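K.L.:
heads up, no residue letters with this:
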Ligand SMILES: Cc1cc2nc3c(=O)[nH]c(=O)nc-3n(C[C@H](O)[C@H](O)[C@H](O)COP(=O)(O)OP(=O)(O)OC[C@H]3O[C@@H](n4cnc5c(N)ncnc54)[C@H](O)[C@@H]3O)c2cc1C
């Protein structure tokens with residue numbers, strides 16, 4: 001069989017699915033090669049999508065025409081807006097999904113997508129000639145030529161799982177590792193790191209005593225993730241919470257010195273912000289109890305996920321731990337918690353398009369870039385897929401900066417700062433979070449997606465219609481007065497709600513009242529943007545000021561040694577990391593404002609010459 005394709009995507013996880021779909025939407029033939037077609041888009045860890053900052057990512061992926069939000073709407077079992085009582089900047093959607101339905105939905109979506117092909121096989125080598133990718137070789141002996149490759153191999157490169165002293169080769173428990181790809185990446189000059197992540201035990205629902213546990217319901221009116229989902233009719237399942245006890249902590253402390261994490265068995269660096277339970281005990285010795293969320297893994301299974309209890313302790317200790325937790329005393333484990341170590345690349349080897357700096361048309365996305373999380377993976381996947389396709393089509397690259405999207409924050413952090421531990425996104429990583437809200441992702445990104453050809457005209461027109469509604473309503477709010485103050489001014493008073501504004505207008509305008517007729521999507525944004533108008537304008541001002549200098553590009557091969565006055569640390573870091581813009585240079589730790597000023601002057605002079 002001779003296979004013809006433009007772009008090969010290695011790995012059918014969350015990054016690989018979005019990469020293949022995006023490349024195909026832009027008109028390229030995309031071949032997704034993955035070790036098993038039965039694990040496409042599998043959620044390796046918790047059965048949930050979204051959450052703080054991650055929910056914003058999912059909305060942005062959707063606004064760019066991605067699939068993650070649609071898959072979540074189609075297979076979600078509980079939907080919530082987190083932080084709904086707090087400010088708009090930190091609210092995020094989150095949904096529990098049916099783990100199996102989700103992956104089946106995504107596989108089918110890929111199967112139906114024009115120009116996407118799926119192939120079950122293991123890539124063992126990425127072939128490059130003259131500094132550019134020319135194809136891949138697979139375990140069953142296929143040699144497939146292509147113009148670009150997107151590597152999305154997740155936790156599988158030289159993956160090794162740990163449960164107590166039991167160790168096995170594998171990217172997830174019970175699945176093989178991708179043994180050869182690490183060597184191929186090293187041969188291409190990519191520096192590798194060893195990272196680690198872990199997951200929680202799963203238990204059978206029928207063996208849990210729910211009677212004394214706290215129940216957690218979804219939102220009364222579930223909000224969809226995708227712009228394309230108009231109405232979410234879903235029967236929501238509840239989650240529950242319990243907590244560990246002093247006894248649980250004593251059980252774990254008694255075996256800590258032999259725990260794989262502390263005995264030297266696990267060498268990889270784990271995620272600081274999502275640590276395993278044994279590490280939480282060491283870091284927070286005075287905490288008397290830790291919260292555990294009990295989450296269903298799906299509608300058609302009894303398996304429950306114990307969120308908060310990630311561990312690689314031995315099986316006997318895991319069982320003892322559960323005996324000491326209220327509600328779980330009699331619980332029956334179906335899968336033990338485990339850790340996985342794997343190879344990742346140093347993300348500073350990548351350009352801000354996720355192309356490898358030293359190998360043309362080779363892109364990397366997802367966990368293998370040192371991140372953690374489905375949403376972070378999917379966001380990089382769509383971004384790398386878009387850029388691979390644009391490169392193949394000789395079109396200019398697509399870039400998002402820190403002021404446009406959380407995706408821009410993620411990419412910039414990765415390529416300029418790098419990471420030596422699994423990276424996850426937080427709202428606090430974004431400087432402009434009042435502007436990067438989940439509710440306005442479509443307005444921010446769909447016009448860009450339309451320009452590239454990622455979304456159709458109908459969707460774009462609907463987004464523009466909302467924009468028009470918002471603009472008109474904001475003018476109207478400025479022009480209608482109630483008790484001497486415009487409705488816009490009234491709305492800035494935290495004690496006055498949108499409902500109050502509707503009532504004032506009704507009083508004033510009677511049958512001509514307009515605000516009540518505005519679509520829910522527009523109304524949400526009108527309220528937020530009017531309420532936070534001052535802060536938003538200030539952030540926009542800062543962005544405009546920064547944009548002038550931030551986007552100044554630094555030419556390839558720029559000689560930092562030639563800038564006199566640059567401190568040695570800055571010279572070394574800049575020569576090593578090779579930022580592509582002045583903005584990126586400024587984000588490198590060790591590059592001071594005065595170093596940046598010197599660099600800016602040198603670039604300006606160069607341009608003038
Ligand atoms: C045990 C465990 C615990 C985790 N815990 C958390 C957590 O607590 N919080 C969190 O946010 N995230 C966690 N994650 C991470 C989360 O699963 C990943 O961030 C996410 O799945 C990454 O998506 P990805 O597409 O990059 O890779 P993956 O989802 O890992 O998918 C990679 C895909 O590539 C395929 N593949 C790999 N190599 C090859 C090859 N050479 N040829 C063909 N196919 C190949 C694999 O079969 C797989 O389908 C955990 C993961 C694991 C395994």
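P.N.:
Structure's in. What do you need? None of these values were measured; they are calculated from a predicted model. Numbers count the residues shown, from 1 in each chain.
K.L.:
need the contact list for residue 540.
P.N.:
By C-beta atoms under 8 Å, 6 or more residues apart in numbering, the contact set of residue 540 is residue 435. Bear in mind the C-beta positions are built from the backbone N, C-alpha and C, glycine included.
K.L.:
quick one: the helices in the stretch 51-200 of the chain?
P.N.:
Here the stretch 51-200 of the chain has its helices, by DSSP state H, counting those that start in this stretch, at 54-63, 68-75, 99-112, 181-187.
K.L.:
right, and those helices - which one's nearest the ligand?
P.N.:
Of all the helices of the stretch 51-200 of the chain, it is helix 181-187 that lies closest to the ligand, at 4.2 Å by C-beta to the nearest ligand atom.
K.L.:
Please name every helix or strand in contact with that closest one.
P.N.:
Counting contacts by 3 or more C-beta pairs under 8 Å, 6 or more residues apart in numbering; DSSP states H and E, helix 181-187 packs against strand 123-129, strand 192-199, strand 338-345.
K.L.:
picking up where we left off before, ranking the helices of the stretch 51-200 of the chain by mean neighbour count, which comes first?
P.N.:
helix 54-63 (a mean of 30; mean count of other C-beta atoms under 10 Å).
K.L.:
between the helices and strands packed on helix 181-187, which gets nearest to residue 174?
P.N.:
Each of the helices and strands packed on helix 181-187 has some distance to residue 174 by C-beta to C-beta; the shortest is strand 338-345, at 9.7 Å.
K.L.:
The next helix or strand after the closest one: how far from the chain's middle?
P.N.:
Counting by DSSP states H and E, the next helix or strand C-terminal to strand 338-345 is strand 362-364. Taking C-alpha atoms, centre = their mean, to the nearest Å, one finds strand 362-364 lying 17 Å from the centre of the chain it belongs to.
K.L.:
Please see if strand 362-364 touches the ligand.
P.N.:
No. With C-beta under 6 Å from any ligand atom as the criterion, the ligand is not reached by strand 362-364; the gap is at least 9.7 Å.
K.L.:
Equivalent analysis for stretch 125-139, please.
P.N.:
No. Judged by C-beta under 6 Å from any ligand atom, stretch 125-139 and the ligand are separated, with a smallest distance of 7.5 Å.
K.L.:
Would you mind measuring the gap between the ends of that stretch?
P.N.:
Stretch 125-139 has an end-to-end distance of 9 Å (C-alpha to C-alpha, to the nearest Å).
K.L.:
Now the stretch 151-300 of the chain against the ligand: closest residue?
P.N.:
For the stretch 151-300 of the chain, C-beta to the nearest ligand atom, closest residue to the ligand: residue 154, 1.9 Å.
K.L.:
what does the stretch 101-250 of the chain put close to the ligand?
P.N.:
122-123, 152-156, 171-172, 178, 181, 197-199.
K.L.:
so which of the residues you listed is the most crowded?
P.N.:
residue 152 (33 neighbours; other C-beta atoms under 10 Å).
K.L.:
if I look at it, how far off is residue 587?
P.N.:
According to C-beta to C-beta, to the nearest Å, residue 152 stands 25 Å off from residue 587.
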